[in-house]
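Engineer: Make a model of this:
(one chain, ligands or ions: 1)
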Amino acid sequence: MFCSKCGTNVPAGVAFCPNCGQATGGVTAAPAAPVYGGAPVYSAPTAVAQIAYAGFWLRFVAVLIDSLVIGFGAGIVGGCIGGITGGLMAARAQ
Ligand SMILES: [Zn+2]
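Structural biologist: This is a model prediction of the structure:
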């Protein structure tokens, strides 16, 4: 295209005349829209799945610890209940 002010041959896609600075009014080289290629990469589920299965013996130890903790807690609760009931029964017996 040619500049409307000075007549200089302005390359297509240039917003202003390189000779006089007149706005060409033509199609400006708009910045290309950001192109996001494909779906966003999200690898967390895979990592979680890899962590979830920790092997047979680790799971065995975990189950053992869980049973110990649960048994310990149940023992404390049972001991408290037994002590309270035993104390009440002893108090009634008097
Ligand atoms: Zn010009």
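Engineer: Show me what the helix or strand hosting Ala74 is packed up against.
Structural biologist: Per DSSP states H and E: Ala74 is located in helix 56-93. Using 3 or more C-beta pairs under 8 Å, 6 or more residues apart in numbering; DSSP states H and E as the contact criterion, no helix or strand is in contact with helix 56-93. Any C-beta I mention is one placed from the backbone N, CA and C, and that applies to glycine too.
Engineer: Name the residues of the protein found near the ion, please.
Structural biologist: Residues of the chain lying near the ion by C-beta under 5 Å from the ion: 3, 5-6, 8, 17, 19-20, 22.
Engineer: hmm, which of the residues you listed are the buried ones?
Structural biologist: 3, 17 (16 or more other C-beta atoms under 10 Å).
Engineer: Flag whichever of the residues of the chain next to the ion scores worst on pLDDT.
Structural biologist: In terms of pLDDT, Cys3 ranks lowest among the residues of the chain next to the ion, with 87.
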